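# pasting the structure only:
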């Protein structure tokens with residue numbers, strides 16, 4: 001019989017960071033120290049258990065968020081069950097981070113001890129802020145040459161938050177990094193063996209006493225500012241109880257008012273047990289965070305579901321995966337109630353009732369079958385058919401809709417065509433499975449060429465998709481060159497009349513509307529406004545006008561790219577008592593959009609990427625020159641040890657294959673990371689090249 005754990009003894013956490021900060025290595029060490037596995041798996045040797053996909057092992061990067069459950073008993077407290085999700089760091093797989101953060105109660109943000117805050121560190125940090133996820137920070141790789149814990153602290157303070165306070169300091173640095181100081185207890189933990197099992201508790205080394213007191217007093221000042229009783233004791237000069245300080249620090253961490261900073265080196269097995277202690281001590285259990293709020297279907301009435309097994313069942317599906325052995329797996333987080341194998345659930349999003357066959361706990365790609373799962377837990381259902389990412393699953397008698405998950409739009413496309421007739425049939429099935437799994441992977445058919453166009457978040461993302469088609473689904477395909485996902489918008493206001501009047505014996509068709517098109521500021525998307533007064537167009541035809549507008553906006557007038565950032569108002573029109581129909585108004589609106597866009601000075605927009613390039617100093621001039629030739633805007637260059645960092649923004653169209661050319665330009669010593677930043681207007685001369693007929 002498995003051990004029972006209360007909600008108070010449960011933690012749902014994610015490990016998030018920039019690519020290569022050491023997330024998967026930390027997770028591997030957690031598995032080792034919690035007894036989940038007996039041999040340490042290294043990412044660089046392709047042995048990491050959480051990187052189970054062949055593509056992850058070959059490339060040494062995490063592609064898919066992997067879930068596991070471990071158990072840890074900190075000193076003097078009860079055993080805690082920790083559900084962990086190890087997320088990808090590469091920007092191309094940002095959807096995996098987004099959907100994981102949506103269902104987690106806490107997170108550990110990992111920073112590279114040499115590099116500090118990197119571009120993707122900022123992205124995941126802001127994603128966590130968006131979902132109000134309480135965080136711990138862990139400065140990793142302090143054994144590496146050039147590692148500097150205090151420089152990392154400064155970069156966190158400058159670029160992310162002023163509320164990050166170390167609760168630990170390192171003893172020694174680089175090759176001499178040998179232990180960690182616990183600031184609250186004023187104790188040094190020195191590692192005596194390579195596996196991090198033999199730890200000796202000592203007094204603080206004399207040379208660090210001043211530094212310890214300086215950082216400890218800053219930490220205590222921050223803690224007592226969140227509790228009146230402790231503040232009074234502190235001002236009276238009394239010695240403060242460490243357990244009370246921990247209690248207040250825990251509350252402040254859960255509220256996002258303080259971010260405790262820890263340190264260590266996962267590769268060298270230092271600091272991971274103390275990180276586990278901190279996860280149990282400071283990160284919230286499901287009952288420490290506000291209860292989930294949702295809408296009752298069919299109205300605006302809100303309903304709250306508490307994390308209680310006796311409440312009606314409510315869960316959010318946050319990931320769909322195809323398992324070669326058991327088929328379709330749907331990962332879900334239970335917010336209230338409990339679910340037993342064999343019972344029925346309602347998918348409120350699709351309004352489908354489904355029977356739950358098997359429930360499994362996941363450990364990377366291994367499964368452990370369970371009979372029941374309850375509030376605060378993360379598990380997967382085997383074989384559930386019509387559920388996708390972001391769907392709400394609940395008790396059929398108590399429906400509720402939880403907030404879904406929104407994902408960024410893809411920015412890169414490639415044409416793909418099967419090599420043989422047999423491949424064509426297999427490709428259709430394979431692509432539909434992959435789009436179910438990955439909400440940022442989109443597929444469409446090009447009507448003019450008959451090609452299948454697949455779109456994703458970057459070159460690596462699409463490369464992995466094509467690799468999976470070949471390996472998992474045995475589909476051989478030819479792949480075209482990457483294409484940029486351009487958009488179109490308007491730059492001035494235009495008013496236009498849309499008419500569709502058709503008479504052909506018997507009942508005719510009559511639709512007539514006046515539309516006003518207005519540009520919106522960047523990122524605002526699409527707005528539709530009904531300004532009809534006095535019943536010039538009956539209310540029942542307004543949704544048809546909106547439908548016609550939306551359909552016409554999917555195909556812009558410059559080069560057929562979707563129109564964005566635009567307000568469309570319907571302000572006048574006429575109708576015919578007999579001949580007017582929804583179809584007629586829809587066609588009239590679509591015609592108005594096509595004509596009106598031409599009069600509203602349309603322009604082409606292109607995706608702009610934020611890029612950080614790291615190169616040895618001697619290659620700086622050449623690298624900057626190359627970036628300028630690619631229409632980049634250099635924001636700043638900084639020095640870090642022997643290398644230079646270049647922060648820039650650059651159009652995606654100019655940066656395909658950049659990694660390869662950067663390596664050849666810098667004798668293989670340069671590296672770059674990039675992520676989507678925003679859309680911007682394409683220069684006129686380049687717009688002409690893109691829009692001229694081929």
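Nice, thanks for sending it over. Since the structure is predicted, the reported quantities are computational estimates derived from the model, not experimental observations. Residues are numbered from 1 along each chain as shown.

# mind checking how far residue 525 is from residue 409?
10 Å (C-beta to C-beta, to the nearest Å). (C-beta placed from N, C-alpha, C; glycine too.)

# Likewise for residue 396?
34 Å.

# How about residue 234?
50 Å.

# residues contacting residue 414?
453-454, 462, 466, 479-483 (C-beta atoms under 8 Å, 6 or more residues apart in numbering).

# Just the buried residues from these, in PyMOL please.
Applying 16 or more other C-beta atoms under 10 Å to the contacts of residue 414, the buried members can be selected in PyMOL as follows:
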select buried, resi 453+454+462+482
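
# Quick check, pLDDT for the closest residue to residue 524 other than its chain neighbours.
Closest residue to residue 524 apart from its sequence neighbours, by C-beta to C-beta, 6 or more residues apart in numbering: residue 565 at 5.4 Å. Residue 565 carries a pLDDT value of 92.

# Cross-check the contact I'm expecting between residue 565 and residue 525.
Yes: with contact defined as C-beta atoms under 8 Å, residue 565 counts as touching residue 525 (6.6 Å).

# Packing partners of the strand ranked longest in the chain?
When the chain is parsed with DSSP state E, its longest strand is strand 602-616. Judged by 3 or more C-beta pairs under 8 Å, 6 or more residues apart in numbering; DSSP states H and E, strand 602-616 is in contact with strand 487-490, helix 620-629, strand 643-651, helix 658-665, strand 671-681, helix 684-691.

# so who does the residue nearest to residue 22 when sequence neighbours are not counted touch?
Leaving aside its chain neighbours, residue 22 sits nearest to residue 140 (4.3 Å; criterion: C-beta to C-beta, 6+ apart). By C-beta under 8 Å, 6+ apart, the contact set of residue 140 is 21-22, 25-26, 110-113, 264-266.

# Now flag whichever of those residues is closest to residue 172.
For the contacts of residue 140, the minimum distance to residue 172 (C-beta to C-beta) is 10.9 Å, reached by residue 265.

# what number of residues lie near the closest one?
Using other C-beta atoms under 10 Å, residue 265 is surrounded by 25 other residues.

# What helix or strand is the residue lying closest to it once chain neighbours are set aside located in?
The shortest distance from residue 265 to any non-neighbouring residue, by C-beta to C-beta, 6+ apart, is to residue 143 (4.2 Å). Under the assignment given by DSSP states H and E, residue 143 is not contained in any helix or strand.

# what's the neighbour count on the nearest residue to residue 253 once chain neighbours are set aside?
Spatial nearest neighbour of residue 253, excluding adjacent residues (C-beta to C-beta, 6+ apart): residue 282 at 4.5 Å. Counted with other C-beta under 10 Å, residues neighbouring residue 282 total 23.

# pretty sure residue 282 is touching residue 260, no?
Yes: using C-beta under 8 Å, residue 282 is in contact with residue 260, at 5.8 Å.

# Give me the common contacts of these two.
In contact with both residue 282 and residue 260: 136, 249, 253, using C-beta under 8 Å, 6+ apart.

# Could you verify that the last one is part of a helix?
Yes: assignment of residue 253 by DSSP: H, G, I helix; E, B strand; the rest coil places it within a helix.

# Tell me where the stretch 501-650 of the chain is predicted with low confidence.
504-506, 640-641 (pLDDT under 70).

# out of residue 525 and residue 409, which sits in the busier spot?
Using other C-beta under 10 Å, the more surrounded residue of residue 525 and residue 409 is residue 409, with 15 against 10.

# residues touching the closest residue to the more buried one other than its chain neighbours, list them.
Once flanking residues are discounted, residue 409 sits nearest to residue 485: 7.1 Å by C-beta to C-beta, 6+ apart. The contact partners of residue 485, by C-beta under 8 Å, 6+ apart, come to 409-413, 455, 561, 607.

# so what's the backbone phi/psi at the residue nearest to residue 253?
phi -110, psi -30 (degrees, to the nearest 10).

# what's it in contact with, if anything?
By C-beta under 8 Å, 6+ apart, residue 282 lies in contact with 134, 136, 246, 249-250, 253-254, 260.

# do that again at 6 Å, thanks
Remark: with contacts taken as C-beta atoms under 6 Å, 6 or more residues apart in numbering, residue 282 is in contact with 250, 253, 260.

# Isn't the second one up against residue 136?
Pointing back at residue 253 there. No: look at residue 253 against residue 136 with C-beta atoms under 6 Å: they stay out of range, at 7.3 Å.

# on that earlier part again, could I get the contacts of residue 414 as JSON lines with secondary structure, pLDDT and distance to residue 611?
Output for the contacts of residue 414, formatted as JSON lines (DSSP: H, G, I helix; E, B strand; the rest coil; pLDDT from 0 to 100; distance: C-beta to C-beta, whole Å):
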{"residue": "453", "secondary structure": "strand", "pLDDT": "82", "distance to residue 611": "25"}
{"residue": "454", "secondary structure": "strand", "pLDDT": "84", "distance to residue 611": "24"}
{"residue": "462", "secondary structure": "helix", "pLDDT": "81", "distance to residue 611": "18"}
{"residue": "466", "secondary structure": "helix", "pLDDT": "84", "distance to residue 611": "24"}
{"residue": "479", "secondary structure": "strand", "pLDDT": "81", "distance to residue 611": "24"}
{"residue": "480", "secondary structure": "coil", "pLDDT": "80", "distance to residue 611": "24"}
{"residue": "481", "secondary structure": "coil", "pLDDT": "76", "distance to residue 611": "20"}
{"residue": "482", "secondary structure": "coil", "pLDDT": "73", "distance to residue 611": "16"}
{"residue": "483", "secondary structure": "strand", "pLDDT": "77", "distance to residue 611": "20"}
